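S.K.: Take a look and give me a structure for this.
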Amino acid sequence: MNPKSDWIEKAKKAAACEAVKHVKNGFVVGLGSGSTAAYAVEEIGKRVKREKLHILGVPTSYQALMLAIKHRISITMLEIHSTLDLTIDGADQIDKKLNLIKGMGGALTREKIVAAASTKLVIVADETKKVKALGEDNHPVPIEVLPMAVSVVMRKIREIGGKPTLREGIKKVGPVITDNGNIILDANFGLIRKPAELENKLRSLPGVVETGLFVKMANLVYLGKNTGVEKIAIER
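M.R.: I've put the predicted structure just below:
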């Protein structure tokens, strides 16, 4: 592991450890996906074992489900618990108003559903994920699309100024398939000055299941840094 990646992994873990302090006995918790959220799932498991907490987890992906089982966190479903006390998840980009781009791991739809069901959404990330504006450094917006609508949605995205590409599998021929059986498009829009407006435009396109724009959803962010963890809160 090189020095840069070493401090980033430590920063991610430190942020996750701070976020997990919000978990209390009896909570129903949304379990996020991705490498940083995985640290949070691990820490919740440690607290369950150490403090004998009764926690129920709602996974946002197959990855999160497997991690919860590994760390002996009891699982439930939204069909049983439609309101969650808390969700802890990661993010790919975070702006100053705590709007997010998520979905580079492909779990954006389930992540957004679970986040929307939660009383509080806590985001954990390293400081490289904080940006002045979403879309910085040509970062794309992931968009989950029904397979039959891919070509139509790509054309419509171009019409509103985006540059879509089909996400291809790694060590697999063909496109990435989500846990929901859909396709992911990664669309570049440059700097996104009005994320809510873009979100509405994308979601109005027939065939779009969900977007990776999480606008006005996060309540709290823990940013892991080389020198500690920064807490950023916002009233919703």
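S.K.: need the contact list for the closest residue in space to Ser74 that isn't next to it in sequence.
M.R.: Excluding its sequence neighbours, the residue lying closest to Ser74 (CB to CB, 6 or more residues apart in numbering) is Leu56, at 5.3 Å. C-beta: built from backbone N, CA, C; applies to glycine. Contacts for Leu56 (CB atoms under 8 Å, 6 or more residues apart in numbering) come out as 27-29, 73-76, 81.
S.K.: what about 6 Å?
M.R.: Contacts for Leu56 (CB atoms under 6 Å, 6 or more residues apart in numbering) come out as 28, 74, 76.
S.K.: Okay, it and Glu159: tell me how far apart.
M.R.: Applying CB to CB, to the nearest Å, the value for Leu56 to Glu159 is 44 Å.
S.K.: hang on, the earlier thing: could you provide the contacts of Leu56 in a markdown table, with additional columns for neighbour count?
M.R.: Shown next, in a markdown table, are the contacts of Leu56 (neighbours: other CB atoms under 10 Å):
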| residue | neighbour count |
| --- | --- |
| Val28 | 22 |
| Ser74 | 12 |
| Thr76 | 15 |
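S.K.: Using TSV, lay out these together with distance to Lys12.
M.R.: What follows is the contacts of Leu56, written out as TSV (distance: CB to CB, whole Å):
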residue	distance to Lys12
Val28	24
Ser74	25
Thr76	26
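S.K.: tell me which of those residues is nearest to Ala125?
M.R.: Val28 (23.1 Å; CB to CB).
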